[in-house]
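**Student:** Fold the following for me, if possible:
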Amino acid sequence: MKKIILISVFCFIVFVVLGLFIIRKSLFMDPKFKYSQEYEIGKRNIKGEVDISYFTSKSKDFDIGANKYGYAVFKNPNKAFSRLKKEYKKGIKLIQKEFKFMPLSNLNYKKYKNYGWQVKHGSVDEKEQAKFISTFMDIYENSYELN
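**Tutor:** Take a look at the predicted model:
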């Protein structure tokens, strides 16, 4: 009986530690991935060719800069993520419903990135929103990891 209790406690501790690690990695931005320079195509170490005006035309909260590695990031990723969840509810719901995902969060945003452009159902507006969500997440993830 003591053995079962010890094994259960050990498994619980491992589960909690792993859970905290995953949540920490997903919720907290490493400073080296934060906005640290302007995103100017062809300058310094800038990677890719992101159309900044495309994002800022949708919301000033989607303003883009670059991290220290030159990848496009939202200058304020938390604000951008909040705005996305507020303004693109239909697209988020469509992706969630079609692929049976949990509600959008920092723990599952990659699924929304990978599947948003693949939606088959919904109105034209919902499908456009879903595709934008995939595009948004392509930039958003740069604040949390190196591609």
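**Student:** So what touches the helix or strand encompassing T135?
**Tutor:** Element membership of T135, judged by DSSP states H and E, is helix 124-140. Contacting residues not belonging to helix 124-140 are listed as 50, 55, 58, 62, 64, 72-74, 77, 80-81, 84, 88, 90-95, 109-110, 112-117, 119, 122 [C-beta atoms under 8 Å, 6 or more residues apart in numbering]. Bear in mind the C-beta positions are built from the backbone N, C-alpha and C, glycine included.
**Student:** ok, K58 to Q37 distance?
**Tutor:** Distance of K58 to Q37, given as C-beta to C-beta, to the nearest Å: 22 Å.
**Student:** for E49, same thing?
**Tutor:** Taking C-beta to C-beta, one finds E49 at 16 Å from Q37.
**Student:** When those two are compared, which one has more neighbours?
**Tutor:** Per other C-beta atoms under 10 Å, whichever of E49 and Q37 has more neighbours is Q37, with 16 against 9.
**Student:** Just the pLDDT for the more buried one.
**Tutor:** For Q37, the model assigns a pLDDT of 94.
**Student:** ok, back up a step: PyMOL command to pick out the buried ones of the contacts of helix 124-140?
**Tutor:** Typed into PyMOL, the line below selects the buried ones among those, using 16 or more other C-beta atoms under 10 Å:
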select buried, resi 50+55+62+64+72+73+74+77+80+81+84+88+90+91+92+93+94+95+109+112+113+115+116+119+122
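**Student:** Narrow the contacts of helix 124-140 to those in strands?
**Tutor:** The strands, defined by DSSP state E, take in 64, 72-74 from these.
**Student:** Include pLDDT when you put those into a markdown table, please.
**Tutor:** Formatted as a markdown table, those follow (pLDDT from 0 to 100):
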| residue | pLDDT |
| --- | --- |
| I64 | 97 |
| A72 | 96 |
| V73 | 97 |
| F74 | 96 |
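**Student:** Would you format these as a markdown table with distance to A130 included?
**Tutor:** Supplementary listing: these in a markdown table, determined by distance: C-beta to C-beta, whole Å:
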| residue | distance to A130 |
| --- | --- |
| I64 | 21 |
| A72 | 21 |
| V73 | 22 |
| F74 | 19 |
